[in-house]
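K.L.:
this one's sequence-less:
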């Protein structure tokens with residue numbers, strides 16, 4: 001077994017991690033992407049996902065009225081229709097598809113279809129699960145390099161408020177409810193996700209916290225999305241999302 005020396009040089013540490021990765025069998029990793037009218041961005045997202053890392057990418061078309069499904073198919077994704085409108089509903093559709101397979105993934109990654117995240121950072125995102133003992137990894141925009149204007153002031157405040165409430169009521173340290181995340185498949189099955197709308201991300205973090213499963217945050221880059229946000233881009237969406245997130249935090253106390 002090759003041991004990692006924390007006190008070594010950066011080059012030595014990189015070499016050690018590469019050797020660890022070579023010795024350990026690669027886990028099966030699948031990706032679920034909820035998508036609603038993202039024809040201009042979904043191809044870019046699919047193109048930047050590390051091909052040697054991921055087995056299957058599932059794009060859930062959530063009632064798009066544009067060419068999202070067609071562009072996703074051109075990008076090599078498995079495309080599923082979900083007529084129930086809602087972010088969580090789309091994620092659940094992808095999960096149910098993978099659950100029905102004979103060999104579901106060991107790790108499942110969620111990423112948005114708007115190209116605001118950097119899919120090439122997926123390798124770093126899954127590393128704490130693959131190489132350590134983490135169950136959930138959140139890509140934190142608050143800890144990473146966030147492009148100016150990529151998040152609205154209400155999004156920044158909402159993240160701060162929600163993560164503060166998670167710390168107050170559940171004793172867990174989060175800085176973000178970021179949608180770019182990875183979770184062990186078995187842990188995902190254990191927490192039994194049910195939310196179909198805006199409470200999806202915080203429900204996952206709350207349920208993992210209640211079961212005292214190890215969560216990790218890694219800094220990720222974040223840029224201005226392509227197109228207009230379906231949530232932060234409207235007053236109604238912002239209010240509904242804020243209400244649902246707070247409701248979900250209290251729901252599981």
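P.N.:
Cool, got the structure. No experiment lies behind these values; they were computed from the predicted model shown. Numbering: from 1, shown residues only.

K.L.:
quick one, phi psi at residue 56?
P.N.:
Dihedral angles phi and psi of residue 56 (degrees, to the nearest 10) take the values phi -140, psi 140.

K.L.:
an error on my part: the question was meant for residue 107.
P.N.:
Reported as degrees, to the nearest 10, the phi and psi values for residue 107 are phi -130, psi 140.

K.L.:
name the nearest residue to residue 46, sequence neighbours excluded.
P.N.:
Here the nearest residue to residue 46 in space, its sequence neighbours aside, is residue 75; by CB to CB, 6 or more residues apart in numbering that works out to 3.4 Å. Placement of C-beta: from N, CA and C, glycine included.

K.L.:
next, give phi and psi for that neighbour.
P.N.:
Comment: the main-chain dihedrals of residue 75 come out as phi -80, psi 0, following degrees, to the nearest 10.

K.L.:
and for residue 57?
P.N.:
phi -110, psi 130.

K.L.:
check contacts around it.
P.N.:
Taking CB atoms under 8 Å, 6 or more residues apart in numbering, we find residue 57 in contact with 30, 31, 33, 46, 49, 75, 76, 77, 78.

K.L.:
ok so, going back, the residue nearest to residue 46 and residue 51, how far apart?
P.N.:
Here residue 75 is placed at a distance of 11 Å from residue 51 (CB to CB, to the nearest Å).

K.L.:
what of residue 128?
P.N.:
Taking CB to CB as the measure, residue 128 and residue 51 are separated by 22 Å.

K.L.:
ok, now residue 180?
P.N.:
Distance, residue 180 to residue 51, by CB to CB: 18 Å.

K.L.:
please say which of the two ends up with more neighbours.
P.N.:
Relative neighbour count places residue 180 above the other of residue 180 and residue 51, with 26 against 10, counting by other CB atoms under 10 Å.

K.L.:
now do the SS call for the nearest residue in space to residue 241 that is not next to it in sequence.
P.N.:
By the measure of CB to CB, 6+ apart, the closest residue to residue 241 outside its immediate chain neighbours is residue 198, 4.1 Å from it. When states are read from DSSP: H, G, I helix; E, B strand; the rest coil, the local structure at residue 198 comes out as coil.
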